[in-house]
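>>> Here is a sequence together with a model predicted from it:
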Amino acid sequence: MKAMSLKSYGETAKFELADIDEPTVTNGHVLVRIAASSVNTVDTMIRQMGQEQLPLSPDLPAILGMDFAGTVEAFGEGVTNFAPGDEVYGCAGGLIGLQGTLTELINADAKLIAHKPKTLSMREAAAIPLVGITAYEGLKRAGARSGQKILVQGGSGGVGHLAVQLAKHMGAEVFATDTGDKRMELIESYGATAIDFKRQAVSDYVAQYTDGAGFDIIFDSVGGQNLTNSFEAAALNAHIATTVSLLELDLSPAHFKGLSLHVIFMLIPMLHNHEREVHGQILAELAKIIDAGALTPRLDDEAFTLEDINAAYDRLTSGQAIGKVVVSI
């Protein structure tokens, strides 16, 4: 079958068209014909850094890609909830030991997938899994509920735009930081209050929107030094969920506010075969929320095919994409 393969890692590494053997369905797995995949930041990090810097990277030659939507062709022994012809979506490949989705077929662990939302196209569904699971897990671990004031850092990003919508669905009053007119408009379209972090200091928007008390929950999809801003914006005993905590940081501000910090690394079930069924359960719940009209993925305006994958990765790393970069297989 056709695939796009990496023969090396690094800043100049390029995907090349390759023919690889079709996978055989195994116990507890389903064979899915992939209709679409999407590009996530972690995918671009793997291409650039490789196994020396990022041990979760696949062996070379590597087939990357984690998200997918497609149609079940066969199922292995022990699978009872999927049948040929079912439309499914999930995040099930692209890591060490797991073939990626930049190809035509995947032998996916049935625990990691769910039936595709009925109201979404294959391309739209492929944009959901990694970022949707991340947003859902982060809000749930932080205890999101009705009546809270929740701040999403990076509210128009892949994870952020879904976190904004999920927080609204949970009944919270939602605020989100970003910059640029299009990104501000996107945040506002979800019923949240957009905050331009380049125009307004943390202390100013905390005073304006919380009377100086701070936000109950902060979902940080930006990471790095932005965690310091999140500490400043948080209320006493608040919860912060972050998806990017790869740095050394003085936790003193968090200590004096009694903050709870939740590090969200949604790849753990895939990497360690640990509670994989939770991902399938979250995807099933997200499908219900989507089909009820409370959650809609934002796809970037640029469309790509499998052979365009190098351009798709460049689009995401350029910082120009708004929403998810999706690849039709």
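In hand now; what should we look at? Residues are numbered from 1 along each chain as shown.

>>> switch to C-alpha atoms for all contacts and neighbour counts from now on
OK.

>>> What segments of the chain are helices?
Along the chain, the stretches classed as helices by DSSP state H are 41-53, 122-126, 129-141, 158-169, 181-189, 202-210, 226-233, 252-257, 268-272, 277-291, 309-317.

>>> among the ones you listed, which is nearest Asn107?
Ranking these by their distance to Asn107 (criterion: C-alpha to C-alpha) puts helix 268-272 first, at 13.6 Å.

>>> Dump the helices of the chain into TSV; add mean neighbour count, distance to His29 and mean pLDDT as well.
Shown next, in TSV, are the helices of the chain (neighbours: other C-alpha atoms under 10 Å; distance: least, C-alpha to C-alpha, whole Å; pLDDT from 0 to 100):
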stretch	mean neighbour count	distance to His29	mean pLDDT
helix 41-53	16	23	95
helix 122-126	26	19	98
helix 129-141	23	18	98
helix 158-169	27	27	97
helix 181-189	17	38	96
helix 202-210	15	48	98
helix 226-233	21	39	95
helix 252-257	14	43	96
helix 268-272	15	14	97
helix 277-291	20	12	98
helix 309-317	18	26	97
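
>>> which one of these lies closest to Pro84?
Nearest to Pro84, of all the helices of the chain, is helix 122-126, at 16.4 Å by C-alpha to C-alpha.

>>> Off-centre distance for the closest one?
Helix 122-126 sits 13 Å away from the centroid of its parent chain (C-alpha atoms, centre = their mean, to the nearest Å).

>>> now stretch 288-302
Its chain's average C-alpha position is 13 Å from that of stretch 288-302, according to C-alpha atoms, centre = their mean.

>>> Could you do stretch 84-102 as well?
15 Å.

>>> what does stretch 281-294 give?
On the basis of C-alpha atoms, centre = their mean, stretch 281-294 sits 15 Å off its chain's mean C-alpha point.

>>> the longest strand in the protein is where?
Determined from DSSP state E, the single longest strand within the chain is strand 29-39.

>>> Could you check the angle that strand makes with helix 309-317?
60 degrees (axes from the mean of the first three to the mean of the last three C-alpha atoms, to 10 degrees).

>>> Show me which residues of strand 29-39 are buried.
Going by neighbour count (16 or more other C-alpha atoms under 10 Å), the buried part of strand 29-39 is 29-39.

>>> Parallel or antiparallel, which strands does that strand pair with?
Each strand that pairs with strand 29-39, with its direction, by DSSP bridges: strand 67-75 (antiparallel), strand 105-109 (antiparallel), strand 325-328 (antiparallel).

>>> Give me the residues contacting the longest one.
The one in question is strand 67-75. Where contact means C-alpha atoms under 8 Å, 6 or more residues apart in numbering, the residues beyond strand 67-75 that reach it are 25-39, 82-93, 101, 116, 122-123, 125-130.

>>> what angle separates that strand from helix 129-141?
110 degrees.

>>> For strand 67-75, list the C-alpha coordinates in CSV.
Backbone C-alpha positions of strand 67-75 (Å, rounded to 0.1, in the frame of the first residue of the first chain) are rendered in CSV as follows:
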residue,chain,number,x,y,z
ASP,A,67,-5.0,10.9,14.1
PHE,A,68,-7.3,9.3,11.6
ALA,A,69,-10.9,8.8,10.4
GLY,A,70,-11.9,5.9,8.2
THR,A,71,-13.9,2.8,7.6
VAL,A,72,-13.5,-0.6,9.3
GLU,A,73,-12.6,-3.4,6.9
ALA,A,74,-12.0,-6.3,9.3
PHE,A,75,-11.7,-7.0,13.0
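
>>> Buried ones in it, by neighbour count?
By neighbour count on 16+ other C-alpha under 10 Å, the buried set for strand 67-75 is 67-75.
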